[in-house]
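> this one's structure only:
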């Protein structure tokens, strides 16, 4: 038995219950044992150790439904250790790791390996491996969903290799439903999406090939149709358009179980952020803004924020995809897709909350990174609830800071937020009752 | 030489970003060079590197002749057989070349934005000799010079650019330049080869019917059909394309009787243009090539002058 630890004088925010009050929280043995406004001030008998949070926000640690690691296979991009360091600096206490590593995570043995590797003391947060939906992510044969689930795969996805065979989607969803496996599909029709940015007049002017919004709609219509046909719930991986939300609303009205995610950067950037050099000659063809699905136009970005507010978007993901300079310092068409996002996930949301234009409140924004993904994944954390793990984040929702890639803890600094002013920063992060990040002590080190 | 207007840019990366005065400044200088049998060796002591990541005989040769006429030392880097093949990144290539301290760097690259990426890592002046499907500014300038010398001005002319607009950097640069100079630019091509948003380049109209598109035009500018990019998905066949969009006598009748016929070369005879037309009196195709040398002389001289000023100030 460890001694009880009281965190007091905190602005408690719990999106699961709508709580937003000054109060405190007690932790014992890595679990929350009491929480509420009655703990706002320390009293002698409640705890042996107390921490004054000075009125800053205390919220459930963030749960990121989609991140990539370079490990195994591309440790120069990212390791589990460096990813977890970046994650806790952004308040992310749990994260789902995509299976498109080298080797592809498509067997129970590899799931087991990753689960063990994630137990290492050097890994600071909880990593949940996702399994490959198809063998080698090749899209031609289902992988061992039940065995991998048994080994600890939290969901199954083909990650950034959208399926092209409708028949395989059908069989995979039928089978997944039977074995109770969660499936996440990225809506895409790669046949008409072979470009490097949003298909638009801006792309045509830059001489870049486009990824049309219609590719997303075609892929989504197919996936939703098969989900309805098979009765298998699906997680739609990163929508970027209003029409996608409409398609999902229509599918839900027919009784299909759909959860929807959006990438934090898609709430923040539009296609013009790639730059044509017209305002600043250095800001053109920025490959840090090359992601897939791509940044769309401004109306779609606003539609994503509206979707978050209305609850159509259940979950905001980091879509963390570390890419080194070798694959990013290239002409736009030749550069790799992907943006580092773990460290900026919370700040991206608090920056939107801080802007009165969006009328987005903190509880709604945080819901999409706490109980939202927890409910999709069936995790007990993601809420300030007695008996659940003490995975917590302390942050200042108003603190301004400048994101600089050289200060990011990820091994790859390919963040579109590089050079941007953000509002709101993680101060401390706790996983299972232990502090794993403290901004003050980190800044003293550096 | 004296310049009434100081060209304010360090590089020539595209037509986008240039205003009418910038364009006129370059055209006027080129125009003066056409009539100057022995121009001053204004690039004497300067080193120019031709860096062509895509094969080119005409443009590379044109730049080489231009630079040599002005007294520059020219080095042609054979990129195909160089360290680029050994996996060196574009930025490493730029830094390596920069260490050799050239004054002028002429670059063609297969990726849109590739030349701009290189330009950010070097201290010399960079001329874009074509980047992917983005821009080819000296081609647009030489086309403008050719038209201006024949028609006296650009303002008010009706100009049709025809063919594969989608993959053409020549079309982008030309549309932007001609629009900037007050011409009416029409784009003509099959729907699969017409990109969206061409009004942002300055095109006033888009036509899928060639006769309608070139009707009443002062200039008919044909583009090379980039057969290697077609993959059978954009067009059914060459002969069908020629039937609908190839410039022949019948279609040419819709343009003004004195309409100039232009082509940036190299031509696919019998695909986008009928052989007989290329040799007609109104064809200025070889004149374009001649003007290319003077335009590139003007560009190189102007950028070198700016570089000297910058160095003197430092």
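Received, thanks. The shown structure was predicted, so the numbers you read here are calculated from the model rather than taken from an experiment. Numbering: from 1, shown residues only, chains lettered A, B, ... in the order given.

> got the residues of the stretch 51-200 of chain B near chain A?
With C-beta under 8 Å from any C-beta of the partner chain as the criterion, the stretch 51-200 of chain B comes near chain A at residues B:89-91, B:109, B:111-114, B:116-117, B:120, B:131-135, B:166, B:169, B:172, B:195-200. Quick note: C-beta positions are derived from backbone N, CA and C, even for glycine.

> ok, the residue nearest to residue A:420 when sequence neighbours are not counted - contacts?
Excluding its sequence neighbours, the residue lying closest to residue A:420 (C-beta to C-beta, 6 or more residues apart in numbering or on different chains) is residue A:403, at 5.3 Å. Each residue near residue A:403 by C-beta atoms under 8 Å, 6 or more residues apart in numbering or on different chains is listed here: A:344, A:347, A:415, A:417-422.

> if we can go back for a sec, only whichever of the residues of the stretch 51-200 of chain B next to chain A are buried, select them in ChimeraX.
The command below creates a ChimeraX selection of those among those that count as buried (16 or more other C-beta atoms under 10 Å in any protein chain shown):
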select /B:90,91,109,111,112,113,114,116,117,131,132,133,134,135,166,169,172,195,196,198
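
> pLDDT score for residue 278?
By default, I'm working from chain A. Listed pLDDT for residue A:278 reads 79.

> my bad, chain B
91.

> does it touch residue B:266 like I think?
No - applying C-beta atoms under 8 Å, one finds residue B:278 not in contact with residue B:266, separated by 11.6 Å.

> so if I had to pick from the two, which one is more boxed in?
residue B:278 (16 against 10; other C-beta atoms under 10 Å in any protein chain shown).

> what sits against the more buried one?
Counting by C-beta under 8 Å, 6+ apart, residue B:278 has contacts B:261, B:263, B:267, B:269, B:285.

> cutoff 10 Å now
B:222, B:247, B:261, B:263, B:267, B:269, B:285-286 (C-beta atoms under 10 Å, 6 or more residues apart in numbering or on different chains).

> residues touching the residue in the stretch 301-446 of chain A that chain B sits nearest to, list them.
Here the stretch 301-446 of chain A gets closest to chain B at one residue, residue A:331, 3.2 Å apart by C-beta to the nearest C-beta. The contact partners of residue A:331, taken as C-beta under 10 Å, 6+ apart, are A:196, A:208, A:285, A:287, B:53, B:90, B:109-118, B:131-132, B:134.

> the residue nearest to it when sequence neighbours are not counted in helix, strand or coil?
In this structure, residue A:331 finds its nearest non-sequential neighbour in residue B:111, 3.2 Å apart by C-beta to C-beta, 6+ apart. Each residue gets one of three states, and residue B:111 gets coil by DSSP: H, G, I helix; E, B strand; the rest coil.

> pLDDT value on the residue of the stretch 201-314 of chain B at minimum distance from chain A, please?
With C-beta to the nearest C-beta as the measure, residue B:201 is the residue of the stretch 201-314 of chain B nearest to chain A, at 6.3 Å. Residue-level confidence at residue B:201 comes out at 92, pLDDT.

> count of neighbours near it?
Count around residue B:201 with other C-beta under 10 Å applied: 24.

> quick check: longest helix in chain A by residues?
The residue-count maximum for a helix in chain A (DSSP state H) belongs to helix A:213-230.

> please, where are all the helices along the chain?
Chain wasn't specified; assuming chain A. Under DSSP H, chain A gives helices at A:80-89, A:108-118, A:145-151, A:166-179, A:201-206, A:213-230, A:242-253, A:264-268, A:298-310, A:325-328, A:345-354, A:362-367, A:371-377, A:439-445.

> actually chain B
B:20-34, B:58-69, B:90-99, B:114-119, B:137-151, B:169-180, B:210-214, B:238-245, B:249-252, B:275-278, B:285-313.

> in JSON lines: the ones you listed, plus distance to residue A:263.
Shown next, in JSON lines, are the helices of chain B (distance: least, C-beta to C-beta, whole Å):
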{"stretch": "helix B:20-34", "distance to residue A:263": "40"}
{"stretch": "helix B:58-69", "distance to residue A:263": "41"}
{"stretch": "helix B:90-99", "distance to residue A:263": "28"}
{"stretch": "helix B:114-119", "distance to residue A:263": "25"}
{"stretch": "helix B:137-151", "distance to residue A:263": "36"}
{"stretch": "helix B:169-180", "distance to residue A:263": "31"}
{"stretch": "helix B:210-214", "distance to residue A:263": "42"}
{"stretch": "helix B:238-245", "distance to residue A:263": "41"}
{"stretch": "helix B:249-252", "distance to residue A:263": "49"}
{"stretch": "helix B:275-278", "distance to residue A:263": "52"}
{"stretch": "helix B:285-313", "distance to residue A:263": "42"}
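
> out of those helices, which gets nearest to residue A:114?
Closest of the helices of chain B to residue A:114 is helix B:90-99, at 34.6 Å (criterion: C-beta to C-beta).

> helices or strands up against that closest one?
strand B:47-52, strand B:73-77, strand B:104-109, helix B:114-119 (3 or more C-beta pairs under 10 Å, 6 or more residues apart in numbering or on different chains; DSSP states H and E).

> hmm, 6 Å instead?
With contacts defined as 3 or more C-beta pairs under 6 Å, 6 or more residues apart in numbering or on different chains; DSSP states H and E, helix B:90-99 has no helix or strand neighbours.

> what is the burial count for residue B:78?
With other C-beta under 10 Å as criterion, residue B:78 counts 10.

> and the residue in chain A positioned nearest to chain B, what does it touch?
Of all residues in chain A, the one sitting closest to chain B is residue A:201 (1.9 Å; C-beta to the nearest C-beta). Neighbour list for residue A:201: B:196-197, B:200 [criterion: C-beta atoms under 6 Å, 6 or more residues apart in numbering or on different chains].

> so what's the residue count around residue B:60?
19.

> so it sits against residue B:50, correct?
Yes - between residue B:60 and residue B:50 there is a contact under C-beta atoms under 6 Å: 5.4 Å.

> what's near enough to touch residue A:193?
A:211, A:215.

> list phi and psi for the residue nearest to residue A:420.
Dihedral pair for residue A:403: phi -80, psi 120, per degrees, to the nearest 10.

> for residue B:150, see how far away it is.
55 Å (C-beta to C-beta, to the nearest Å).

> cool, residue A:278 as well?
32 Å.

> swap in residue A:281?
34 Å.

> over to residue A:254?
For residue A:254 relative to residue B:150 (C-beta to C-beta), the value is 66 Å.

> quick one: which of those two has more around it?
residue B:150 (15 against 9).

> local confidence estimate at the more buried one?
97.

> can you tell me which residues contact the nearest residue to it once chain neighbours are set aside?
For residue B:150, ignoring the flanking residues on the chain, the nearest one in space by C-beta to C-beta, 6+ apart is residue B:260 at 5.9 Å. Neighbour list for residue B:260: B:150, B:219, B:282, B:284 [criterion: C-beta under 6 Å, 6+ apart].

> hey, what's the nearest residue to the second one once chain neighbours are set aside bridged with?
This points to residue B:219. Spatially, and ignoring its direct neighbours in sequence, residue B:219 is nearest to residue B:159 (4.3 Å; C-beta to C-beta, 6+ apart). Per DSSP bridges, the residues bridged to residue B:159 are residue B:185, residue B:219.

> now for residue B:159, how many residues are close by?
Residue B:159 has 26 nearby residues by other C-beta under 10 Å.

> for the stretch 151-300 of chain B, which spans come out with low pLDDT?
B:229, B:231 (pLDDT under 70).

> with the stretch 251-400 of chain A instead?
In the stretch 251-400 of chain A, no residues with pLDDT under 70.

> residues from it in reach of chain B?
A:284-285, A:329, A:331-334 (C-beta under 6 Å from any C-beta of the partner chain).
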